[in-house]
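> let's see this in three dimensions:
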Amino acid sequence: MSDADVQSRLTVTTKTGGSEYYDQVLAMSAHIVNNGWEQLWETYEDPQDEKITLKRIDIENDDLGYIHAETLPCRITFEGTNHSGLSVYYFIRFKSGTLQNAKGTLPKGLDMTGWCICVNVKIGEQKKSEMTKEQIKYIEDNYSVPGDYSIARLFADLTSAYFDSLDADRSTFGTGEDGKPITYDQWLDQYDEDYSTSFYAFMSTWKRTMKSKGYSTLGVKVVIPSMQEQDPLDPTYPPTAMLHQGFQYKNDQTDKTTAADYNCLLYCEQLMNRDLPQQSFIADGGNWCYPEYQSNPAVQGTFAISSQIFFERVNGLREHMRPLAALSEISLQDVTIFDWGGRQHLFDVGHNPAHEDPNDNYFLAKKDDQNHRYIWTRTWTKNKGTMEDIYYYCTHTSVQSVTIGWEPGSSRINVAGKTTYSYESSDWTNATMTERQAILSESYTASWEAPILMSTDDEGRLTLKLEKEPQDTKVSMVQDYSTEDPPGAWSRQNTPDGYEHDIETALQSALVTVEANLALIFQTTGQWVYPGNGVLYYRNPMFNNTGDVLAVAEYKSLTSKAEVPGPHPGATLSKYPKTKPNVKVLSSKRDE
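Numbers count the residues shown, from 1 in each chain. As a prediction, this is how the structure comes out:
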């Protein structure tokens, strides 16, 4: 691993091709899978009367001989990708043991100490209806899954392994007198072929037992079969479709053994009955997982929420920013010019008569990838001119924007608003406005910030919280310019400065509701894939370069049965009230 790994992770993506993407992706490294198997091996109590258990293989056969061996936890590595063909290697490791053929060629048999046998296997998947009773019991003993969900078991399919064609480059048979590992070819040449025949047969019996009991489980995935009519404010995100693929760790500076531990299986999920992408392969990008390096801890798993889910879909963050846009908008009414030369500008602060509902999609921000943000912006302009003895002209403009920005590598969401109101009253010698006699113009800009921080709670669930309390959100006002020519020639009633106080009061009230809703909307996202003997906790969420949320997935062994979140609606989210008229009047007249 190197610093490059940290930066490369920011380039991973949930996208496949074109505009297609997965809603959520979980990258589970071989390291996590192997941790699960180690925990299972250490904690599982094998029945004493069985010949094949997790920790021992004891088989005797008149035609074959016998095997009595003590095993270590099995291990797995993934190589290649779905583009080039995913290869899965399964390692059976022996702590000690004896292999004897039927003829007893060697009086003491073959010493199996330190043997490490590698076979190429396929990844299999079973629905519950296809599982054995023991496989189902294994899952039900560890996970409490609601009846509305379907479960599937992803496993290393040992029945696809052929022990008479071991992986010669990865298998070793202890250590020779020279201290070097004994290769597969050396082992075959050195001993009677009856030993290899017996070994293949014993291991074939072993693999059938491992599969029937479910001991080669890579993970358990939970899917809701079909979407039911749900509350649109339901904050849960159960997947309705899931596909797995491989991803290979890429860093020439990391040794091969370590690198193999950080190759990943990707669980690619779609929500809300969305179809799987036509181009199913995740686009090439950086490393989803990587080993420890200097002060940077290892990343053993990554859970990614697409920017489309986090910001854009039902109850995405973008929706909860609409009220802030609604309250920052200044809508304009037509200007009035009286026959005696007076001018009047009317503007409505935090209220648009045509869009009083802050849930209106009129206020939705649009994505701006180039600047790492979503932005909502509107411009209003009203003007009028009339010819009396001179040409009277007046105009006013409002420009408002709300931005929701992410910083790659950061957990901070920069939410900010800006509202500029400008007006002008002027007198001209003619309607072509080529010779000005007098002008009064001003411009004021109100600005605010309400940053949001991502984190995870004690149970590893994603949480969102305002960086500061709602009442501490302040709106600042600056005067952009002020022109009066000739000086002192205008009489005014009211000035536009001060509207920032109206925006500030309204924003502070709305942010109380925003914060309460943000605390709920992502509480169950991601809790749908479980390692074979543990759960995943999420921590250290951050944004990648395209606005996807990346959280580190950590393996935790089970201390009790894991509760899978139910498909019931969560806490009801609070609704945002309609905006109310708040009209300001500016009057001006040139003194004769």
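> doesn't Lys367 belong to a strand?
Yes. With DSSP: H, G, I helix; E, B strand; the rest coil as the criterion, Lys367 is assigned to a strand.
> any idea what it is bridged to?
Per DSSP bridges, the residues bridged to Lys367 are Tyr374.
> that one: neighbour count?
18 (other C-beta atoms under 10 Å). Bear in mind the C-beta positions are built from the backbone N, C-alpha and C, glycine included.
> how far away is it from Thr483?
The gap separating Lys367 from Thr483 is 38 Å, by C-beta to C-beta, to the nearest Å.
> what secondary structure does His501 sit in?
helix.
> for burial, what's the neighbour tally of the nearest residue to it once chain neighbours are set aside?
Nearest residue to His501 in three dimensions, chain neighbours excluded: Val475, at 7.5 Å (C-beta to C-beta, 6 or more residues apart in numbering). For Val475, the neighbour count with other C-beta under 10 Å is 21.
> now swap in Ser160 and tell me
16.
> how about the nearest residue to it, chain neighbours excluded?
Lys122 (4.2 Å).
> so the one you found sits right up against Tyr89, yeah?
No. With contact defined as C-beta atoms under 8 Å, Lys122 does not reach Tyr89; the gap is 11.4 Å.
> for those two, indicate the residue with more neighbours.
Between Lys122 and Tyr89, Tyr89 has the larger neighbour count (other C-beta under 10 Å), namely 21 against 14.
> which SSE is the more buried one in?
Element membership for Tyr89, per DSSP states H and E: strand 87-101.
> so what does the following helix or strand past that strand touch, helix or strand wise?
Sequence order places strand 110-111 as the next helix or strand after strand 87-101, per DSSP H and E. Judged by 3 or more C-beta pairs under 8 Å, 6 or more residues apart in numbering; DSSP states H and E, the packing partners of strand 110-111 are strand 87-101.
> show me what the strand it packs on is packed against.
Right, strand 87-101 is packed against strand 65-79, strand 110-111, strand 115-127, helix 193-213 by 3+ C-beta pairs under 8 Å, 6+ apart.
> any idea which of these gets closest to Asn359?
Closest to Asn359 of those is strand 115-127 (C-beta to C-beta; 40.0 Å).
> each with direction, which strands does the closest one pair with?
Strand pairing (DSSP bridges) places strand 115-127 next to strand 87-101 (antiparallel), strand 150-157 (antiparallel), strand 172-175 (antiparallel).
> okay, buried residues for the second one please.
When burial is assessed from 16 or more other C-beta atoms under 10 Å, strand 150-157 yields the following buried residues: 151-157.
> next: the first one.
Under the neighbour-count criterion of 16+ other C-beta under 10 Å, strand 87-101 has 87-92, 94, 97-101 buried.
> what's the angle from that strand to strand 65-79?
Angle, strand 87-101 to strand 65-79, by axes from the mean of the first three to the mean of the last three C-alpha atoms, to 10 degrees: 170 degrees.
> let me see the mean pLDDT of strand 87-101.
Per-residue pLDDT values over strand 87-101 give a mean of 93.
> how far does that strand sit from its chain's centre?
In terms of C-alpha atoms, centre = their mean, to the nearest Å, the centre of strand 87-101 is found 38 Å from the chain centre.
> any idea of the angle it forms with helix 193-213?
Using the same axes, to 10 degrees: strand 87-101 against helix 193-213 is 130 degrees.
> just the CA trace of strand 87-101, in PDB.
Output of strand 87-101 as PDB, limited to C-alpha atoms (Å, rounded to 0.1, in the frame of the first residue of the first chain):
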ATOM      1  CA  SER A  87     -10.800 -16.600 -10.400                       C
ATOM      2  CA  VAL A  88     -11.500 -17.800  -6.900                       C
ATOM      3  CA  TYR A  89      -8.800 -19.800  -5.100                       C
ATOM      4  CA  TYR A  90      -9.600 -21.800  -2.000                       C
ATOM      5  CA  PHE A  91      -6.800 -22.900   0.400                       C
ATOM      6  CA  ILE A  92      -7.200 -25.900   2.700                       C
ATOM      7  CA  ARG A  93      -4.500 -25.600   5.400                       C
ATOM      8  CA  PHE A  94      -3.200 -28.400   7.600                       C
ATOM      9  CA  LYS A  95      -1.700 -27.800  11.000                       C
ATOM     10  CA  SER A  96      -0.600 -31.500  11.300                       C
ATOM     11  CA  GLY A  97      -1.700 -34.900  10.300                       C
ATOM     12  CA  THR A  98      -1.000 -38.300   8.700                       C
ATOM     13  CA  LEU A  99      -2.000 -39.700   5.400                       C
ATOM     14  CA  GLN A 100      -1.700 -43.400   4.800                       C
ATOM     15  CA  ASN A 101      -2.600 -45.500   1.800                       C
END
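> now the strands for the stretch 201-350 of the chain?
217-223, 239-247, 264-271, 301-305, 330-332, 336-337, 343-349 (DSSP state E, counting those that start in this stretch).
> how about TSV for those strands, with distance to Arg373 and mean pLDDT added?
Compiled in TSV, those are given as follows (distance: least, C-beta to C-beta, whole Å; pLDDT from 0 to 100):
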stretch	distance to Arg373	mean pLDDT
strand 217-223	34	80
strand 239-247	28	77
strand 264-271	24	86
strand 301-305	17	93
strand 330-332	22	98
strand 336-337	38	94
strand 343-349	25	96
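> adding mean neighbour count, write these out as a markdown table.
Output for the strands of the stretch 201-350 of the chain, formatted as a markdown table (neighbours: other C-beta atoms under 10 Å):
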| stretch | mean neighbour count |
| --- | --- |
| strand 217-223 | 23 |
| strand 239-247 | 20 |
| strand 264-271 | 24 |
| strand 301-305 | 26 |
| strand 330-332 | 23 |
| strand 336-337 | 15 |
| strand 343-349 | 22 |
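> for Asn371, which of those strands is the nearest?
Per C-beta to C-beta, nearest to Asn371 of those: strand 301-305, 20.8 Å.
> show residues contacting that closest one.
9, 12, 14, 23-29, 32, 264, 288-289, 462, 522, 525-526, 536, 538, 544, 548-555 (C-beta atoms under 8 Å, 6 or more residues apart in numbering).
> report how many residues lie close to Ser560.
Neighbours of Ser560 (other C-beta under 10 Å): 7.
> can you check Lys133 too?
8.
> gap between it and Lys366?
54 Å.
> give me phi/psi at Val37?
Let me fix one detail, which is that residue 37 is Trp and not Val. phi -70, psi -40 (degrees, to the nearest 10).
> show me what contacts the closest residue to it other than its chain neighbours?
Nearest non-adjacent residue to Trp37, counting by C-beta to C-beta, 6+ apart: Pro73, 4.9 Å away. Pro73 makes contact with 34, 37-38, 40-42, 93, according to C-beta under 8 Å, 6+ apart.
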